[in-house]
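Undergrad: one predicted model, sequence on top.
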Amino acid sequence: MTRFATRTVGLAAAALAVVDLAVWVLTGGGYFWPAWTWLGLTLLFGAFVFVRTREARLAGRVTALTRSRRGAVNRQAAELKRVERDLHDGAQARLVSLSLTLGLAGGLVRLDPDGAAKLVEEARATAVAALDDLRAVMHSIHPAVLADRGLRDAVRALALDLAVPVTVTGDVPDELPPAVETSAYFAIAECLANVVKHSAATAATVTFAATATTLRITVHDNGRGGADLALGTGLRGIADRLDAVDGTLHLDSPPGGPTTAAIGLPRSL
């Protein structure tokens, strides 16, 4: 629509310029007054193009924000359901078992001290397992290593547990917003998970680079390629998570490889 309107106005301005030129010629020439008309038309057309371009950019921005907000809301709802399920099936079930075991132990303290002691030991093991479940849930929300050591070292720690050797290079700016840092960590984690599961790669790299306003992250592997944002939910989930903080994901993965995922994130929100 914008291109059509711009083309129409441009043609109208050109037609007026031709008419002025024809009038000047038919009146015998002389002082070339059409130049002023052409100048005015040029200024008006330039102003029109500027306004229309700005409107198109604002409309695109509104569309992007609407899409990212919808994705963030849907992702948050799915994340809450997952956390609820993990707590219900893991820690909550163990805590219920812990309560029942302690109740039984309390009833046996005087009648069967040895049996009560065994039940208390079982309750202790159940409590430890419940704590492990809670730590796993908390790690999926905000990894402790990310809060303790920062993004770069958190990614290095993540890479140590992978079957594919991963080299982490570059520097990460200090004091990134928590939302940006968390989004970057989980985006990198998902990219590396795809490398391990699907790429058949023998090596991968994670490279950090920063400008005054942007953090750029490149995840590269020497695998077989063929990754596609339109296929599966992992990469699409990365893009949705990045959208929520005005981030971007560009994927270059020709068949036969290699694969490069370029992540861009703002340094401030």
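TA: Thanks, I have the structure now. Note that the structure is a prediction, hence the values are computed from the model and not measured.

Undergrad: can you show me the strands along the stretch 151-269 of the chain?
TA: Secondary structure of the stretch 151-269 of the chain, counting by DSSP state E, counting those that start in this stretch: strands at 166-169, 204-210, 214-221, 248-252, 259-266.

Undergrad: can you list the strands that the third one pairs with?
TA: According to DSSP bridges, the neighbouring strands of strand 214-221, each with its direction, are strand 204-210 (antiparallel), strand 259-266 (antiparallel).

Undergrad: any idea of the mean pLDDT for that strand?
TA: For strand 214-221, mean pLDDT is 93.

Undergrad: how far does it sit from its chain's centre?
TA: 12 Å (CA atoms, centre = their mean, to the nearest Å).

Undergrad: where does this protein dip in pLDDT?
TA: Applying pLDDT under 70 to the chain flags the ranges 1-2, 4, 64-84, 86-89, 91, 132-142, 232-233.

Undergrad: contacts only, for the spatially most central residue of it.
TA: Nearest to the mean C-alpha position of the chain, counting by CA atoms, centre = their mean, stands residue 242 at 1.7 Å. By CB atoms under 8 Å, 6 or more residues apart in numbering, the contact set of residue 242 is 183, 187, 248, 249, 263, 265. Bear in mind the C-beta positions are built from the backbone N, C-alpha and C, glycine included.

Undergrad: these into TSV, with extra columns for neighbour count?
TA: Listed next are the contacts of residue 242 as TSV, based on neighbours: other CB atoms under 10 Å:
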residue	neighbour count
183	22
187	23
248	14
249	22
263	24
265	24
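
Undergrad: for the residues you listed, which one is nearest residue 210?
TA: The closest of those to residue 210 turns out to be residue 265 (CB to CB; 9.7 Å).

Undergrad: so how far is residue 131 from the closest one?
TA: 33 Å (CB to CB, to the nearest Å).

Undergrad: ok, now residue 184?
TA: 28 Å.

Undergrad: next one: residue 192
TA: For residue 192, the distance to residue 131 equals 27 Å [CB to CB].

Undergrad: of those two, which one has the most company?
TA: Legend: neighbour count by other CB atoms under 10 Å for residue 192 and residue 131, higher for residue 192 (23 against 12).

Undergrad: pretty sure the more buried one contacts residue 223?
TA: No - between residue 192 and residue 223 there is no contact under CB atoms under 8 Å: 11.7 Å.

Undergrad: which residues in the stretch 1-150 of the chain form helices?
TA: Along the stretch 1-150 of the chain, counting by DSSP state H, counting those that start in this stretch, helices occupy 2-26, 34-86, 93-108, 113-141, 144-160.

Undergrad: and of those helices, who's closest to residue 269?
TA: Closest to residue 269 of the helices of the stretch 1-150 of the chain is helix 34-86 (CB to CB; 12.4 Å).
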